[in-house]
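[1] Quick one, fold the following:
(chains A and B)
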Number of protein chains: 2
Amino acid sequence: MTTDYLIAQIHKKKSFLCIGLDVDLNKIPKHLLETDDPIFAFNKAIIDATHHLCVAYKPNTAFYEAYGLKGWQALEKTIHYLNTNHPEIYTIADAKRGDIGNTSTMYAKAFFEDLGFDSVTVAPYMGKDSVEPFLAFENKHTILLALTSNAGAFDFQTKSVDGVELYKQVLETSKSWKNSENLMYVVGATKAEYLADIRQIIPDSFLLVPGVGAQGGNLQEVCKYGMNDSVGLLINSSRGIIYASQQKDFAQAAANKAAELQQQMQAVLSK
Amino acid sequence: MTTDYLIAQIHKKKSFLCIGLDVDLNKIPKHLLETDDPIFAFNKAIIDATHHLCVAYKPNTAFYEAYGLKGWQALEKTIHYLNTNHPEIYTIADAKRGDIGNTSTMYAKAFFEDLGFDSVTVAPYMGKDSVEPFLAFENKHTILLALTSNAGAFDFQTKSVDGVELYKQVLETSKSWKNSENLMYVVGATKAEYLADIRQIIPDSFLLVPGVGAQGGNLQEVCKYGMNDSVGLLINSSRGIIYASQQKDFAQAAANKAAELQQQMQAVLSK
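    Numbering: from 1, shown residues only, chains lettered A, B, ... in the order given. As a prediction, the model looks like this:
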């Protein structure tokens, strides 16, 4: 998917919501456990109930790998379901990959070609030649971890490297990589005040912002500091939406939570 | 597997060789492509021919994920084959994972419990709470990326953070994490001269050293600077061994290459 198409979808749906599909069998409604494929059954119900309220879905691959073959199968079914029934929806494989060049190419093929995701999250620690293989794919995005939403972000990401915080070095350095126009960045919502500085370095790029909701981030703050002329934001909520209820009404409860966020986003967009 | 058991195996086999099982269907002998599961067939032949020469195998998970469900199945069969037939062999899932706490726990369960690997490689960028969930597993090791063997290592890892290179900050900081005795570190062989400094910070830890062979690292140099009283080294070779021949004699050719390295290691150990 092109960035322009994504922006058009945001304006059409009046939403820049991304829903995280982090399926944990201990948290989904009990009655789904009796189905053939509880993970896919859960995802399908969530997608059917919320697809008009969001522009993106983001399965975190860890949750699928944790269930081995069955989990991987459920991930394949989920992305296939999305690409078949909702090709207008942007898809993110939250995989946080990154390896030496030839291995990154394998990962890029797996997520972009075999699974058919629009984008994949990638870790920056191994540098340019671990990320560029992802950037080589046309109309696919590579979403680089910059400033994450967890406590450990302060261990290294905010440390000063030659006078500049490491995450800013990552942003600055990545701009020189080949096909850097295919980059987006992960910036945690729990650190909304950092977004003003970040926009100085990457004014035009899209930011994937996790941490709204369960992790305590504030939507208005994120928009205030992070939004650009093309919106430039995908705001993710996972647990706050998909586990709104653990009863039979879970899909409707998820839709209600997603609608709350969508309405807040519509208000921001109409300003 | 405990560290003591691994050290005992190293002395018993007079080898600290790790063989990387990075299976690429474009590189394996053509006749294997006609079998039901070419990836597993290849791995089984390599393992059968080399298990007495090495103490560890390291499948890079990217190569398996690239083949989707079939790849994942081949990975499961490979680790199962190793754990059943060669429980004395140390196994490393080269996955380079790292995510927020609850997600890292999912990954740790997937690799340690479901698949039954002895260890997994983890990226440090997200800090303490992304790594500690892995460290909580008893008799399992978490192998933290410190200084990798690719060109991109110089983009961030060797940059000065408050006067100390980032990879040294990673080493130093990680020592304070809970259950840090379960840590090992990835240090690329292409930078053997860095090992003396590294040993100042982590004198006792095991190092997983990729980059010997195809990537140009030198075994003697690595041993000179990196070995400690408990050996403290696992030296990995992937392509240099497993693709020594692409003909029907591939397994024997791999064994010959592995034997060359094992003999060099034996010579070092007997000094």
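
[2] is any part of stretch A:173-193 close to chain B?
    Yes - Stretch A:173-193 is in contact with chain B by CB under 8 Å from any CB of the partner chain, via A:Thr173. (C-beta placed from N, C-alpha, C; glycine too.)

[3] Quick check: mean pLDDT of that stretch?
    The predicted model assigns stretch A:173-193 a mean pLDDT of 93.

[4] How about it, which residues are buried there?
    A:173-174, A:177, A:180, A:182-192 (16 or more other CB atoms under 10 Å in any protein chain shown).

[5] And for stretch A:250-266?
    Within stretch A:250-266, the residues scored as buried using 16+ other CB under 10 Å are A:250-251, A:253-262, A:264-265.

[6] Can you add pLDDT and give the residues you listed back as TSV?
    Formatted as TSV, the buried residues of stretch A:250-266 follow (pLDDT from 0 to 100):
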residue	pLDDT
A:Phe250	98
A:Ala251	98
A:Ala253	98
A:Ala254	98
A:Ala255	98
A:Asn256	98
A:Lys257	96
A:Ala258	97
A:Ala259	97
A:Glu260	95
A:Leu261	95
A:Gln262	96
A:Gln264	94
A:Met265	96
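
[7] Also within reach of chain B: list those from the residues you listed.
    Checking those against chain B by CB under 8 Å from any CB, not one of them is in range.

[8] What about those residues, which are in helices?
    Under the assignment DSSP state H, these contribute A:250-251, A:253-262, A:264-265 to helices.

[9] For A:Lys191, give me its contacts.
    Contacts for A:Lys191 (CB atoms under 8 Å, 6 or more residues apart in numbering or on different chains) come out as A:147, A:149, A:153.

[10] before we move on, what about A:Leu234?
    By CB under 8 Å, 6+ apart, A:Leu234 lies in contact with A:16-18, A:55-56, A:90, A:92, A:184, A:206-209.

[11] how about a cut-off of 10 Å?
    By CB atoms under 10 Å, 6 or more residues apart in numbering or on different chains, the contact set of A:Leu234 is A:6, A:10, A:15-18, A:54-56, A:58, A:90, A:92, A:119, A:143, A:184, A:186, A:206-210.

[12] helix, strand or coil for it?
    The assignment at A:Leu234 comes out as strand when based on DSSP: H, G, I helix; E, B strand; the rest coil.

[13] Check the gap between it and A:Pro124 for me.
    Between A:Leu234 and A:Pro124 the distance, using CB to CB, to the nearest Å, works out to 19 Å.

[14] ditto for A:Asp94
    Distance, A:Asp94 to A:Pro124, by CB to CB: 15 Å.

[15] quick one, strands of chain A?
    In chain A, strands defined by DSSP state E lie at A:17-20, A:56-58, A:90-97, A:119-122, A:141-147, A:160-161, A:164-165, A:183-187, A:207-209, A:233-237, listed in chain order.

[16] list the contacts for A:Ala60?
    Quick fix: residue A:60 reads Asn, not Ala. Listed by CB under 10 Å, 6+ apart, the contact set of A:Asn60 reads A:20-23, A:66, A:92-96, A:121, A:210, A:236, A:238, B:99-100, B:102-103, B:106-107.

[17] Can you read off the pLDDT for it?
    With respect to pLDDT, A:Asn60 scores 95.

[18] swap in A:Gly217?
    Looking at A:Gly217, its pLDDT stands at 66.

[19] Any stretches of the stretch 1-150 of chain A with poor pLDDT?
    Nowhere does the stretch 1-150 of chain A drop to pLDDT under 70.

[20] Just give the closest residue to A:Leu147, not the sequence neighbours.
    With sequence-adjacent residues excluded and distances taken as CB to CB, 6 or more residues apart in numbering or on different chains, A:Leu147 is closest to A:Tyr167, at 4.4 Å.

[21] Assess the claim that the one you found and A:Asp155 are in contact.
    No - A:Tyr167 lies out of contact with A:Asp155 (CB atoms under 10 Å); the separation is 11.8 Å.

[22] So for these two, which sits in the more crowded spot?
    Counted by other CB atoms under 10 Å in any protein chain shown, A:Tyr167 and A:Asp155 do not tie: A:Tyr167 has more neighbours, with 28 against 24.

[23] Who are the contact partners of that one?
    A:124, A:145-148, A:153, A:156-159, A:161, A:185-187, A:191, A:194, A:197-198, A:201, B:125.

[24] Return the members of these classed as buried.
    For those, a burial check counting by 16+ other CB under 10 Å picks out A:124, A:145-148, A:153, A:156-157, A:159, A:161, A:185-187, A:191, A:194, A:198, A:201, B:125.

[25] in the stretch 151-271 of chain A, which spans are helices?
    A:153-156, A:166-174, A:195-201, A:219-226, A:239-242, A:250-269 (DSSP state H, counting those that start in this stretch).

[26] Show me which positions of the fifth one end up buried.
    By neighbour count with 16+ other CB under 10 Å, helix A:239-242 contains the buried residues A:240-242.

[27] and A:Thr121, what does it touch?
    By CB under 10 Å, 6+ apart, A:Thr121 lies in contact with A:58, A:60-61, A:92-98, A:111, A:134, A:141-145, A:184-186, A:208, A:210, B:99.

[28] Likewise for A:Asn218?
    A:189-190, A:192, A:211-212, A:224.

[29] mind giving me CSV with those residues and columns for distance to B:Thr84?
    Below are those laid out as CSV (distance: CB to CB, whole Å):
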residue, distance to B:Thr84
A:Ala189, 46
A:Thr190, 45
A:Ala192, 51
A:Gly211, 43
A:Val212, 46
A:Lys224, 58
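
[30] circling back: tell me the one among the contacts of A:Lys191 nearest to A:Leu82.
    Lowest distance from A:Leu82 to these (CB to CB) belongs to A:Ser149, with 24.3 Å.

[31] Which phi and psi values does the closest residue to that closest one other than its chain neighbours adopt?
    Counting by CB to CB, 6+ apart, A:Ser149 lies nearest to A:Gly188, which is 2.8 Å off, once chain neighbours are set aside. Main-chain torsions, A:Gly188, degrees, to the nearest 10: phi -70, psi 140.

[32] My understanding was that A:Gly188 contacts A:Ile235; is that so?
    No - when contacts are counted by CB under 10 Å, A:Gly188 is not listed as touching A:Ile235 (11.2 Å).

[33] between these two, what contacts are shared?
    Each of A:207-212, A:217, A:222 lies in contact with both A:Gly188 and A:Ile235 under the rule CB under 10 Å, 6+ apart.

[34] near chain B, which of those residues show up?
    A:210-211 (CB under 10 Å from any CB of the partner chain).

[35] Test my guess that A:Ile47 contacts A:Asn85.
    Yes - shown here, A:Ile47 and A:Asn85 form a contact pair, counting by CB under 10 Å, at 7.9 Å.
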